[in-house]
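Undergrad: coords please:
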Amino acid sequence: MTQILRALPFAAASLVLISLSSAQEIKWTNEGGNNNFSDPANWSGGNVPTGDQAGLINLSKEEKAVFNTASNQNFNGLNIGSKGRGEFWVAGGTFTATKNAARSTIVGLRKGVGIMGQLGGEVHVNHLQLGVGKGSTGVYTVRGGSLALARAKGEFSLSIGDGGKGSFEMRKGSLKMRRGVVLGNNGGVGGFTVYGSSIEEIGIGSHNKLDGSWMQNAGSVLKAVVDEGGITKIFIDDPENDGVGGDVTFEKKSVLDCDFAGPKQSGSWVLMEWEGKLLKKGLVLSPEAKKAGWSFSFEDLGVNGKVKGPDSLVIRFKAK
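TA: Residues are numbered from 1 along each chain as shown. Next up, the predicted model:
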């Protein structure tokens with residue numbers, strides 16, 4: 001098992017919104033040599049960060065942390081890649097970090113590089129922040145299992161590229177969050193990739209009863225990769241169906257990129273649906289996608305039932 005975990009690919013990611021001093025963090029050391037997140041021997045002072053202190057992971061590749069534990073522990077917070085490189089994978093079990101409602105799970109902060117990903121299991125955290133602060137980079141990849149974001153910072157449960165560079169990718173599994181998603185903020189750049197049709201669900205605002213939203217700023221990229229089964233749609237939820245919330249904003253010069261995971265095929269696919277309003281339509285197709293034969297449109301497919309106007313983003317490919 002250790003060899004399998006050590007073989008996981010390395011990527012970089014970072015996140016920051018809460019500034020914690022080193023005295024408030026328990027540091028990952030991997031001194032036990034087994035990459036096991038739940039082994040006290042792998043943490044400074046011989047303590048897994050289950051109390052009021054946050055965990056700090058600043059090691060990667062062969063020294064990364066891996067969680068694979070059937071545990072009822074609720075962690076206080078986790079920072080991955082702070083002033084350095086950090087890597088954390090959830091391979092199975094249930095990882096929960098919602099003990100302190102004010103603390104985010106931060107991947108890439110303080111000009112650090114961090115990566116967090118899932119091969120399986122369940123992950124429950126408050127708010128997820130990727131690439132926070134200038135010079136930081138943060139990446140989160142879901143290749144299996146479920147990810148639930150239980151709270152929000154303001155209107156957003158997922159912040160991708162807040163001052164830095166952030167990237168979020170769905171390949172399999174499910175994603176549900178309490179509030180919205182923002183791509184690119186405070187001068188940062190974010191990317192959100194939907195890879196194929198094997199994803200169970202992407203529910204923005206589908207966790208509890210608050211409204212979801214999509215905010216994509218200039219230079220940030222929404223990428224769709226279509227496979228032989230099509231693509232899983234992103235759903236922006238107004239959970240109470242009261243006609244308020246579930247809105248979508250594409251600021252001027254926000255980017256849509258499209259590609260295929262397998263053979264090219266002419267057709268059309270719904271990439272995003274929303275139950276609120278389309279507030280801005282500044283989305284542009286990447287030059288590469290346009291040259292390849294892709295196009296897109298905003299269409300009223302009757303999804304929201306209450307709000308007149310477009311409620312779907314439809315992508316199309318016509319073979320040349």
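
Undergrad: Ser266 against Lys318, yeah?
TA: Yes. Using Cβ atoms under 8 Å, Ser266 makes contact with Lys318 at a distance of 5.4 Å. From N, CA and C alone the C-beta is placed, and that goes for glycine too.

Undergrad: could you measure from the residue lying closest to Ser213 once chain neighbours are set aside over to Gly212?
TA: What sits nearest to Ser213 in space, not counting adjacent residues and going by Cβ to Cβ, 6 or more residues apart in numbering, is Gly180, at 3.3 Å. Gly180 is 5 Å from Gly212, where distance means Cβ to Cβ, to the nearest Å.

Undergrad: looking at the two, which is more packed in?
TA: Between Gly180 and Gly212, counted using other Cβ atoms under 10 Å, the more crowded position is Gly212 (31 against 27).

Undergrad: surely the more buried one is in contact with Gly246?
TA: Yes. Between Gly212 and Gly246 a contact is recorded at 5.8 Å, counting by Cβ under 8 Å.

Undergrad: quick check: neighbours shared by those two?
TA: By Cβ atoms under 8 Å, 6 or more residues apart in numbering, Gly212 and Gly246 have these common neighbours: 205, 236-238.

Undergrad: overlap of the contact sets of Gly180 and Gly212?
TA: Common neighbours of Gly180 and Gly212 (Cβ under 8 Å, 6+ apart) are 204-205, 236.

Undergrad: in JSON lines: those residues, plus neighbour count.
TA: Formatted as JSON lines, those follow (neighbours: other Cβ atoms under 10 Å):
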{"residue": "Ile204", "neighbour count": "28"}
{"residue": "Gly205", "neighbour count": "29"}
{"residue": "Ile236", "neighbour count": "28"}
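
Undergrad: need those in TSV (columns: secondary structure, distance to Leu222 and pLDDT).
TA: TSV is the format used below for the shared contacts of Gly180 and Gly212 (DSSP: H, G, I helix; E, B strand; the rest coil; distance: Cβ to Cβ, whole Å; pLDDT from 0 to 100):
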residue	secondary structure	distance to Leu222	pLDDT
Ile204	strand	12	97
Gly205	coil	17	92
Ile236	strand	12	96
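
Undergrad: make TSV from those and add distance to Ser82 to it.
TA: Shown next, in TSV, are those (distance: Cβ to Cβ, whole Å):
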residue	distance to Ser82
Ile204	28
Gly205	30
Ile236	32
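
Undergrad: end to end, how far does stretch 158-175 reach?
TA: With Cα to Cα, to the nearest Å applied, stretch 158-175 spans 11 Å between its terminal residues.

Undergrad: scratch that, stretch 265-285
TA: With Cα to Cα as the measure, stretch 265-285 spans 19 Å from end to end.

Undergrad: give the rounded mean pLDDT of that stretch.
TA: Averaged across stretch 265-285, pLDDT comes to 97.

Undergrad: could you point out which of the shared contacts of Gly180 and Gly212 is nearest to Glu155?
TA: Looking at those and their distance to Glu155, the nearest is Gly205, at 10.2 Å (Cβ to Cβ).

Undergrad: so how far is Ala101 from that closest one?
TA: Using Cβ to Cβ, Gly205 is found at 18 Å from Ala101.

Undergrad: same question, Pro287
TA: As for Pro287, its distance to Ala101 is 43 Å (criterion: Cβ to Cβ).

Undergrad: where does pLDDT dip in the stretch 1-150 of the chain?
TA: 1-23 (pLDDT under 70).
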